[in-house]
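Peer 1: I'd like to go over a predicted model; first the sequence, then the structure.
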Amino acid sequence: VDGNMSKIYCQNLCLLAKLFLDHKTLYYDVEPFLFYVLTKNDEKGCHLVGYFSKEKLCQQKYNVSCIMIMPQHQRQGFGRFLIDFRQLVWDVSEQGFPGGHLQSFAAVTKGHQLPICS
């Protein structure tokens with residue numbers, strides 16, 4: 001989801017993440033970000049599992065800005081899935097070095113203890 005094209009939706013994602021992430025600082029300036037949203041779908045509709053966001057153009061070559069898994073979906077492998085998907089997006093886009101920004105969080109993600117956010 002492009003933060004510039006779906007500003008209200010992306011702002012709401014950020015505000016929702018703030019409920020679970022004390023150090024989350026981005027709420028309203030979502031235009032320079034892309035949001036990759038993971039949902040579970042059933043007969044009642046689509047249910048938010050989590051998301052990660054990344055800057056469209058980042059000076060520091062970070063490949064993720066924030067990653068959050070809803071509490072009821074933690075420890076089910078969704079965090080690892082988003083991190084692996086983030087790596088795939090990063091490799092395909094060839095905008096920097098793979099694995100860079102989240103390497104320091106490797107110990108945290110081994111137990112799928114998400115959310116983590118920079």
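Peer 2: Looks like it came in fine.

Peer 1: Find the nearest non-adjacent residue to Cys14, please.
Peer 2: Tyr27 (4.8 Å; Cβ to Cβ, 6 or more residues apart in numbering). (C-beta placed from N, C-alpha, C; glycine too.)

Peer 1: What of Phe85?
Peer 2: Once flanking residues are discounted, Phe85 sits nearest to Tyr36: 6.8 Å by Cβ to Cβ, 6+ apart.

Peer 1: The one you found pairs with what?
Peer 2: For Tyr36, the beta-bridge partners are Phe52 (DSSP bridges).

Peer 1: neighbours around it, how many?
Peer 2: Using other Cβ atoms under 10 Å, Tyr36 is surrounded by 16 other residues.

Peer 1: doesn't Gln87 make contact with it?
Peer 2: No. Between Tyr36 and Gln87 there is no contact under Cβ atoms under 8 Å: 11.8 Å.

Peer 1: how about low-confidence regions in this structure?
Peer 2: With pLDDT under 70 as the threshold, the chain has low-confidence stretches at 61-62, 93-118.

Peer 1: Could you pull up phi and psi at the most far-flung residue of the chain relative to its centre?
Peer 2: Farthest-out residue of the chain from its mean C-alpha position, per Cα atoms, centre = their mean: Glu43, at 25.5 Å. Main-chain dihedrals, Glu43, degrees, to the nearest 10: phi -60, psi -20.

Peer 1: ok, the most centrally placed residue in the chain - contacts?
Peer 2: In the chain, the residue lying closest to the centroid (Cα atoms, centre = their mean) is Phe52, at 0.9 Å. Phe52 is in contact with Phe35, Tyr36, Val64, Ser65, Cys66, Ile67, Met68, Leu82, Ile83, Phe85, Arg86, counting by Cβ atoms under 8 Å, 6 or more residues apart in numbering.

Peer 1: nearest to Cys58, of those?
Peer 2: Ser65 (8.0 Å; Cβ to Cβ).

Peer 1: And for that closest one, nearest residue in space, chain neighbours not counted?
Peer 2: Once flanking residues are discounted, Ser65 sits nearest to Ser53: 4.7 Å by Cβ to Cβ, 6+ apart.
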